[in-house]
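Student: can't give you the sequence, but here's the structure:
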């Protein structure tokens with residue numbers, strides 16, 4: 001790669017001193033925007049160094065060749081995709097990986113000169129692993145072609161006719177790229193303050209192509225509350241060289257509102273500020289999809305109130321301040337609602353829920369937060385300034401009004417409510433304060449419906465069932481009666497079992513099996529949950545040879561970890577050590593966590609998951625779709641697999657929105673490179689729908705209930721056949 005035929009064109013072309021380097025920086029800026037990465041470079045690779053003909057996001061002008069990713073790219077057969085430099089033997093010790101700019105992902109396409117000689121590469125760089133995919137090679141190659149045309153144009157400046165043709169072709173490719181991605185380019189000449197738009201910017205703004213538009217007129221297109229910010233950002237870029245990026249809305253010339261993302265940075269020529277150039281991306285459709293997903297994930301589909309996941313997040317935030325601001329919650333359960341459903345039907349029941357939800361929402365005071373907790377239960381979070389007595393008075397008045405809210409005609413049925421109220425004044429889990437409210441609620445049911453009951457120590461003393469559950473679990477753990485049952489996860493295209501989820505079962509003293517749901521309250525105890533996790537891990541390791549014989553070395557086994565597990569460093573290290581000494585590898589394990597566990601201000605859980613991810617374990621977000629913050633977690637946590645909440649698949653027969661949400665999540669997950677599993681699949685209709693939207697993996701009673709290892713062996717035999725799915 002150091003032959004004169006390759007090096008001479010670089011040295012003799014005077015590219016490094018070219019006055020057109022701003023053009024190449026625009027190409028790297030477009031590459032950075034299209035591939036959603038912070039760094040893009042157009043690198044020329046010489047004998048001992050690489051230098052950057054164009055760059056975005058990196059202050060360096062050159063590096064030694066021996067640390068160059070682009071040198072490896074042009075030495076290969078074609079484009080180079082590095083998914084994780086830290087895991088690649090060629091690059092893991094590279095100082096650009098271990099130090100700034102901390103390269104984790106790289107995608108490069110060779111740049112060719114005349115005669116096919118490889119001069120360098122156009123590359124995209126990210127500090128995050130798995131940031132790029134093979135699908136992004138084509139758009140980057142299109143920009144590489146533009147760079148090649150531009151280089152050829154610079155080299156052949158004396159051949160004017162050829163240069164003009166190349167420029168026209170390059171502009172056409174640039175316009176094609178803009179149209180394909182709905183991204184337009186713009187430039188402000190600093191000396192004249194004149195604004196230049198590409199054709200696609202005119203298309204985005206709905207203005208006549210070629211019409212002269214001033215900077216002030218362009219700013220006036222943006223929503224009024226953002227105009228001052230935009231003007232300030234442009235001026236700071238001109239004066240200080242500070243790049244900017246923001247998302248806002250504009251009103252087109254025809255009155256239509258569009259959502260756009262704007263990026264800009266200053267271009268200096270020979271060390272002198274020349275212009276500000278950037279990109280405008282019409283992201284309206286993406287914005288609307290995210291808004292629809294956010295609303296669907298945050299709100300209850302029937303009543304329009306916030307849903308349980310939203311309440312959990314709000315409560316978790318309040319609990320972190322409980323030592324300064326007491327937390328008061330209430331659970332309101334409708335009395336007589338089951339009779340309405342059974343007598344008048346579920347459609348009438350739904351109308352009752354909608355009417356009551358509307359009344360509750362109308363009666364909300366300042367600072368109150370209301371959500372549908374589930375079924376016919378509603379949850380209320382009161383403002384810290386409200387006393388317990390005031391909250392109780394408010395609830396008593398509220399439930400006294402419910403009978404008049406819903407008119408059930410001549411029916412003798414009536415709707416009332418019972419409330420459980422709890423207050424906590426020290427930081428802790430939201431589950432605890434809701435548990436207390438739940439205890440108070442059911443004490444109210446015992447005392448007589450239509451009452452408001454506050455949690456106290458006497459109510460706590462009546463919680464014998466929880467203690468019984470703890471006793472059953474502890475005894476089973478002590479006697480070795482805690483075992484694992486395995487539920488299959490199936491690939492729809494082949495019908496084969498690709499994964500198993502390990503689920504807790506207790507063998508009772510009479511020989512019967514107890515499910516985890518039957519002793520769930522005991523699992524809230526951190527000490528017991530940690531013991532359960534160790535026992536389940538030991539059981540999976542013990543069953544590993546049989547599982548490997550049945551399903552092969554590529555099988556994955558999912559285990560559920562609790563927040564208590566991930567907050568104890570010794571358990572994470574124990575997990576890694578046990579797997580290392582077993583027939584399994586970290587690649588055989590899927591670690592399943594829930595969304596509420598990821599509400600992690602301290603970052604401790606994130607660190608534990610990052611350690612497991614670095615060792616090769618797959619992190620899975622369970623019950624995905626029940627809260628919008630899941631979308632944020634896909635970025636903040638090392639999540640590579642999601643399981644869609646079973647509530648969505650259960651409702652597809654009656655609820656078209658459930659179908660849309662499942663389809664959106666499946667497509668979004670696949671586009672992000674995530675493995676997606678839909679839980680709770682029980683019917684042929686559900687399976688047919690999932691096949692139609694491209695879902696690849698499913699779990700549910702249709703494919704098998706949880707089975708003990710001997711039952712699994714009896715069903716599958718020595719070699720796992722394709723799963724036969726009956727109609």
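Tutor: Here it is on my side, so go on. Quick caveat: nothing in here was measured; it's all calculated off a predicted structure.
Student: who touches the helix or strand that contains residue 661?
Tutor: Residue 661 is part of helix 656-671, with elements assigned from DSSP states H and E. Outside helix 656-671, the residues within contact range by C-beta atoms under 8 Å, 6 or more residues apart in numbering are 289, 292-293, 296-297, 301, 624-625, 642, 644, 648-649, 651-652, 675-676, 678, 689-690, 693-695. For the C-beta atoms, the positions are set from N, CA and C on the backbone; glycine is no exception.
Student: can you list the weak-confidence ranges in this structure?
Tutor: 1-2, 18-20, 155, 157-181, 407-413, 446, 569, 599-603, 625-632, 718-727 (pLDDT under 70).
Student: Where strands are concerned, which of the contacts of helix 656-671 count?
Tutor: The strands, defined by DSSP state E, take in 624, 642, 644, 675-676, 678 from the contacts of helix 656-671.
Student: neighbour-wise, which of those residues leads?
Tutor: Counting neighbours by other C-beta atoms under 10 Å, residue 678 leads those with 30 neighbours.
Student: Please work out how many residues are found near residue 121.
Tutor: Neighbourhood size, residue 121 [other C-beta under 10 Å]: 29.
Student: Ok, the one 5 residues further on next?
Tutor: Residue 126 has 22 neighbouring residues, counting by other C-beta under 10 Å.
Student: so how far is residue 193 from residue 496?
Tutor: Distance of residue 496 to residue 193, given as C-beta to C-beta, to the nearest Å: 65 Å.
Student: quick one, which of these two is more surrounded?
Tutor: Using other C-beta under 10 Å, the more surrounded residue of residue 496 and residue 193 is residue 496, with 15 against 12.
Student: okay but the more buried one is in contact with residue 488, surely?
Tutor: No - Residue 496 lies out of contact with residue 488 (C-beta atoms under 8 Å); the separation is 9.4 Å.
Student: Report the secondary structure state of residue 480.
Tutor: Secondary structure for residue 480, judged by DSSP: H, G, I helix; E, B strand; the rest coil, is coil.
Student: How about the contacts made by it?
Tutor: Applying C-beta under 8 Å, 6+ apart, no residues contact residue 480.
Student: With residue 542 as the reference, measure out to it.
Tutor: Note on residue 480: its distance to residue 542, by C-beta to C-beta, is 12 Å.
Student: With residue 402 instead?
Tutor: 55 Å.
Student: More neighbours: which of these two?
Tutor: Taking neighbours as other C-beta under 10 Å, residue 402 and residue 542 compare with residue 402 leading, 22 against 13.
Student: and residue 488, that's in a strand?
Tutor: Yes - secondary structure of residue 488 (three-state DSSP): part of a strand.
Student: Can you tell me who it pairs with across the strands?
Tutor: Per DSSP bridges, the residues bridged to residue 488 are residue 500.
Student: Surely it touches residue 502?
Tutor: No - assessed by C-beta under 8 Å, residue 488 is found out of contact with residue 502, at 11.5 Å.
Student: which of the residues in the helix or strand hosting residue 258 are buried?
Tutor: Following DSSP H and E, one finds residue 258 within strand 257-269. Buried residues in strand 257-269, counted by 16 or more other C-beta atoms under 10 Å: 258-267.
Student: Please identify the next secondary structure element, helix or strand, after that strand.
Tutor: Following strand 257-269 in sequence order, the next helix or strand is strand 272-282 (DSSP H and E).
Student: List of residues touching that following strand?
Tutor: Contacts of strand 272-282 (C-beta under 8 Å, 6+ apart): 22, 25-26, 29-30, 33, 181-190, 200-201, 204, 234, 237-238, 241, 258-268.
Student: Much appreciated, bye for now.
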